[in-house]
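In: need the 3D shape of this:
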Amino acid sequence: FWQLDRAEEFQELQKPYIERPIINLSQVASTGENLSDDSINQIVRFSGKYLDQYTAPNQEDKYGVRSDWIVGLLQVDSGGAILVVRSTSNAQIPLGKVDITGRLFNRQFDDRAGKSLTTLSRIDPALLVASYDQKLFDGFVLAQSEKINGVEIDLKRPELDPAKPSVPGYYWQHIKWIPFVHGYIYAFYVLAAIHFTARARFTIKRMILFILAGTLPIASFIAERRVMRQFPLS
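Out: All right, here's what the predicted structure looks like:
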């Protein structure tokens, strides 16, 4: 059943991503807590003021193009601060309140470069925890829109496909048939075991043990060898 569940999980992940309605950041994420599986890929909206800005080198977009990304740390009006990927080119830090819409991603775990005062080795709020008083949101937002007083900030923004969670192992998609075949074979084994033990006049206890031997690796072979010694074919 575990193998069957994993195979079905894998097939579920192959389905096209269905976009969900835009919601407020506070509805799916909280400061100081890991992002839930449901919150990842969610398009969120929020507003606030930028505290600082960094460069995240050697980032790869959906087209496989590598470039340096501009990442801002924004103090959210409702509390806390979050990393926002803003652009693939130099961009000034906006002054005043900024309204943002973007997709929420999990933090990065692998370094792409060295860390410095103005450079992030990866897009991960854990790198900045010691530098700011604000509590930080997990993950980061890939901005799709930034507006000041309703006016769009025109920037060249990187694009990413929605993140796909993975099922450990590479073979789950090939084994969905195995549990079914195994189940039918065991059913035949049980019928054969009942038929044989009845003709051999085994006790009920011995019959049950003989049947249960089919549930343990190698146990059925051991049981078969013992029976063959007691009831040789010749």
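In: where do the strands sit along the chain?
Out: With strands called from DSSP state E, the chain shows them at 23-24, 43-60, 66-76, 81-87, 98-105, 136-148, 151-152.
In: how long is stretch 71-87 from one end to the other?
Out: Stretch 71-87 stretches 7 Å from its first residue to its last (CA to CA, to the nearest Å).
In: just to revisit the earlier point, so for Ala187, which of the strands of the chain sits nearest?
Out: Of all these, strand 98-105 sits nearest to Ala187, with 46.9 Å by CB to CB. Yep, even glycine has a C-beta here, placed from its N, CA and C like the rest.
In: and that closest one, what does it pack onto?
Out: For strand 98-105, the elements it packs on are strand 43-60, strand 81-87, strand 136-148, judged by 3 or more CB pairs under 8 Å, 6 or more residues apart in numbering; DSSP states H and E.
In: most packed of these?
Out: Of all the helices and strands packed on strand 98-105, strand 81-87 has the most neighbours on average by mean count of other CB atoms under 10 Å, namely a mean of 24.
In: okay, now the sheet partners of it, with direction.
Out: Paired strands of strand 81-87, with direction, are strand 66-76 (antiparallel), strand 136-148 (parallel) (DSSP bridges).
In: okay if I get the ones you listed as TSV plus mean pLDDT?
Out: Compiled in TSV, those are given as follows (pLDDT from 0 to 100):
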stretch	mean pLDDT
strand 66-76	97
strand 136-148	97
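In: just to revisit the earlier point, turn the helices and strands packed on strand 98-105 into JSON lines, including distance to Arg112.
Out: Compiled in JSON lines, these are given as follows (distance: least, CB to CB, whole Å):
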{"stretch": "strand 43-60", "distance to Arg112": "4"}
{"stretch": "strand 81-87", "distance to Arg112": "13"}
{"stretch": "strand 136-148", "distance to Arg112": "13"}
